[in-house]
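Trainee: 3D model of this:
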Amino acid sequence: MTPSSSGDRVAVELAEMRGEIRTAFAELNGRLDLALQRTAATESDITTLQDRVAALERGRWPLPSIAAVTGVAGAATGFVTLFR
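Mentor: Numbers count the residues shown, from 1 in each chain. Sure thing, here's the model as predicted:
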C-alpha cells in the first residue's frame with residue numbers, strides 16, 4: 001500500500017459518507033416537514049372543535065334555572081289552590 005493510494009481511499013470514503021449524510025438529512029427534513037404539517041392540521045382541527053363546543057355550550061338549555069322556575073311555579077300553584 002502506498003501512502004497516496006491510502007489517502008485516495010480515505011478521500012473516497014469521506015466523499016461517500018458526505019453523500020450518505022446529505023441523504024439522511026434530506027430524509028429527516030422531509031419527515032420533519034410532514035410532522036409540522038400534521039401538527040398544523042391537528043391544531044386547526046382542535047380550534048374548530050373548541051369553537052363548536054363553545055357554540056353548543058352557549059345554546060344549551062339552562063336546566064338548573066328551568067328547574068328552579070318550575071319549582072317556584074309549582075309552589076305558587078300549590079299555595080293558590082290551598083288558599084282558595
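Trainee: where does Phe79 land in three-state SS?
Mentor: helix (DSSP: H, G, I helix; E, B strand; the rest coil).
Trainee: contacting residues around it?
Mentor: Going by Cβ atoms under 8 Å, 6 or more residues apart in numbering, Phe79 touches no other residue. All C-beta spots, glycine's among them, are computed from the backbone N, C-alpha and C.
Trainee: now it: how far from Gly59?
Mentor: Distance check for Phe79 against Gly59: by Cβ to Cβ, to the nearest Å, it reads 35 Å.
Trainee: now Arg22
Mentor: Applying Cβ to Cβ to Arg22 and Gly59 gives a distance of 56 Å.
Trainee: looking at the two, which is more packed in?
Mentor: Arg22 (10 against 7; other Cβ atoms under 10 Å).
Trainee: could you measure from that one over to Ala35?
Mentor: 20 Å.
Trainee: just Leu56 next, same as before
Mentor: 31 Å.
Trainee: pLDDT on the longest helix along the chain, on average?
Mentor: Longest helix in the chain, counting residues (DSSP state H): helix 3-59. Mean pLDDT, helix 3-59: 94.
Trainee: that helix packs against which elements?
Mentor: Packing partners of helix 3-59 (3 or more Cβ pairs under 8 Å, 6 or more residues apart in numbering; DSSP states H and E): none among the helices and strands.
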